[in-house]
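Participant: The sequence isn't on hand, but the structure is:
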């Protein structure tokens, strides 16, 4: 499953003429460790998490939240943003089904139309973003403006300090 996501990302970014580079490395899915391997600051890492948002006017839905690797998710902020009563992590099985990736390899792209995407606005202060690209042994560095143009995320305050 995961190599397919990587191939889809490369094709999408090539087709849209995005400025990116692929980084091959030992398999790693933890934000702190992978930032050291890639040589980027943790606040440049685009950490992607699949969330289960329930209640309120929107019913149940799944959200792909993107935040700096150095920050923690503010579940209440995401719930409020989507006018929901509750927000939590989706089960690992649901996350893998929706993204086609194992935990730690999920890229900051909603390649599945069932996923809404939201990004912590502070992440956008970086000129480029680093992220695992559908595989634990492949990462990408991508121009932030290109990521915004391709991913088209909703931008909000969704992270608290780690």
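Facilitator: Now that the structure is in, tell me what you want to look at. If you're wondering where the values come from, they're calculated on a predicted model, not measured in any experiment.
Participant: roughly how far is stretch 27-41 from the heart of the chain?
Facilitator: Chain-centre distance of stretch 27-41: 15 Å, with CA atoms, centre = their mean, to the nearest Å.
Participant: Show me which residues of that stretch are buried.
Facilitator: Within stretch 27-41, the residues scored as buried using 16 or more other CB atoms under 10 Å are 28, 29, 31, 34, 35, 38, 40. Glycine gets a C-beta too; all of them are placed from N, C-alpha and C.
Participant: what's the single longest helix in the chain?
Facilitator: What stands out as the longest helix in the chain, according to DSSP state H, is helix 2-15.
Participant: contacting residues around it?
Facilitator: 20, 22, 99-102, 105, 107, 109, 111, 133-136, 138, 140, 142, 146, 150 (CB atoms under 8 Å, 6 or more residues apart in numbering).
Participant: of the buried residues of stretch 27-41, closest to residue 86?
Facilitator: If you rank the buried residues of stretch 27-41 by distance to residue 86 using CB to CB, residue 31 comes first, at 24.7 Å.
Participant: how close does that closest one get to residue 132?
Facilitator: 9 Å (CB to CB, to the nearest Å).
Participant: Residue 153 now?
Facilitator: Distance of residue 153 to residue 132, computed by CB to CB: 17 Å.
Participant: more neighbours, the two?
Facilitator: Taking other CB atoms under 10 Å, residue 153 and residue 132 do not tie; residue 132 has more neighbours (31 against 22).
Participant: All the helices of this structure, residue numbers only.
Facilitator: Under DSSP H, the chain gives helices at 2-15, 31-38, 75-81, 92-99, 144-151.
Participant: could you dump those helices to TSV with distance to residue 45?
Facilitator: Output for the helices of the chain, formatted as TSV (distance: least, CB to CB, whole Å):
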stretch	distance to residue 45
helix 2-15	16
helix 31-38	5
helix 75-81	19
helix 92-99	17
helix 144-151	12
